[in-house]
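Colleague: task: produce atomic coordinates for the following.
(chains A and B)
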Amino acid sequence: GQSLEQPSEVTAVEGAIVQINCTYQTSGFYGLSWYQQHDGGAPTFLSYNALDGLEETGRFSSFLSRSDSYGYLLLQELQMKDSASYFCAVFNNAGNMLTFGGGTRLMVKP
Amino acid sequence: EPEVTQTPSHQVTQMGQEVILRCVPISNHLYFYWYRQILGQKVEFLVSFYNNEISEKSEIFDDQFSVERPDGSNFTLKIRSTKLEDSAMYFCASSAGTSNTIYFGEGSWLTVV
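Modeller: Next comes the predicted model:
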């Protein structure tokens, strides 16, 4: 099976940088995904890392180290609208089931 | 931009009743999913569906649940004999293939009273 661990809550101020870590255990590995979810909303895809290293998309970057079974999401120049829950997720061997971590609730303060 | 659409957005049902949640996946996608999220908790996988049959299911997806693709566009989740603990947000999702990005609908909030 798959299991993922991430902090339950992170608080940061507007304009700051925050890193949300994720460690995973899975029998096979097909990459680490990150989703954002605002209260009452749907999970929205942010990024996907299949290979080691950093992927950058605007203010958001995601990093993966397969040897450490570890990844993180980096959010720069935080804005109030970034307040949301962030989930890391991995696929199973067959690629037909995406398992989510418990989610990290990010609160951005003025 | 193509999107997954779900109906109803909110349904209240009596305990023991049957509910059907409906979804229209993105048109060229081949894999369809249902996920559940109890208030304040994580997103939990229920089932994936491909080529008109269940591809994978979780332990949550027991005989109380069933899925169907009744026509070329709709994908449904049926919950029989609802229980109070079935109250949750149910998300439909779709992807173009395995290990592909999964796109979620806005969810159907089910309240069992």
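
Colleague: which strand or helix spans the residue in chain A positioned nearest to chain B?
Modeller: Closest to chain B within chain A is A:Gly95: 3.1 Å, counting by C-beta to the nearest C-beta. C-betas here are computed from N, CA, C, even on glycine. A:Gly95 belongs to no helix or strand when assigned by DSSP states H and E.

Colleague: for it, list the residues it contacts.
Modeller: Applying C-beta atoms under 8 Å, 6 or more residues apart in numbering or on different chains to A:Gly95 gives the contacts A:30, B:97-100.

Colleague: ok, and the most crowded of those?
Modeller: B:Ser99 (20 neighbours; other C-beta atoms under 10 Å in any protein chain shown).

Colleague: excluding chain neighbours, what is closest to the residue sitting nearest the centre point of chain B?
Modeller: Centrality entry for chain B: nearest residue to the mean C-alpha point is B:Trp34, 3.2 Å, by C-alpha atoms, centre = their mean. Nearest residue to B:Trp34 in three dimensions, chain neighbours excluded: B:Leu46, at 4.3 Å (C-beta to C-beta, 6 or more residues apart in numbering or on different chains).

Colleague: A:Ser61 too?
Modeller: Using C-beta to C-beta, 6+ apart, the nearest residue to A:Ser61 is A:Leu74, at 4.3 Å.

Colleague: if we can go back for a sec, for the residue nearest to B:Trp34, give me its contacts.
Modeller: Here B:Leu46 is in contact with B:33-36, B:57-58, B:60-61, B:65, B:77, B:90 (C-beta under 8 Å, 6+ apart).

Colleague: now A:Ala12, nearest residue through space, not along the chain?
Modeller: A:Val18 (4.3 Å).

Colleague: so what's the residue count around that neighbour?
Modeller: A:Val18 has 19 neighbours, counted by other C-beta under 10 Å.

Colleague: ditto for the one 5 residues further on
Modeller: Using other C-beta under 10 Å, A:Thr23 has 16 neighbouring residues.

Colleague: isn't it up against A:Pro7?
Modeller: No - here A:Thr23 lies out of contact with A:Pro7, judged by C-beta atoms under 8 Å, at a distance of 10.6 Å.

Colleague: A:Leu64 belongs to a strand?
Modeller: Yes - under DSSP: H, G, I helix; E, B strand; the rest coil, A:Leu64 falls within a strand.

Colleague: now for it, how many residues are close by?
Modeller: Neighbours around A:Leu64, by other C-beta under 10 Å: 24.

Colleague: so what's it bridging to?
Modeller: Note on A:Leu64: beta-bridge partners A:Gly53, A:Gly71, judged by DSSP bridges.

Colleague: ok so, going back, any shared contact partners between A:Thr23 and A:Pro7?
Modeller: Counting by C-beta under 8 Å, 6+ apart, nothing touches both A:Thr23 and A:Pro7.

Colleague: for the residue nearest to A:Met97 when sequence neighbours are not counted, give me its contacts.
Modeller: Nearest residue to A:Met97 in three dimensions, chain neighbours excluded: B:Glu56, at 4.6 Å (C-beta to C-beta, 6+ apart). Applying C-beta under 8 Å, 6+ apart to B:Glu56 gives the contacts A:92, A:94, A:96-97, B:45, B:47-48.
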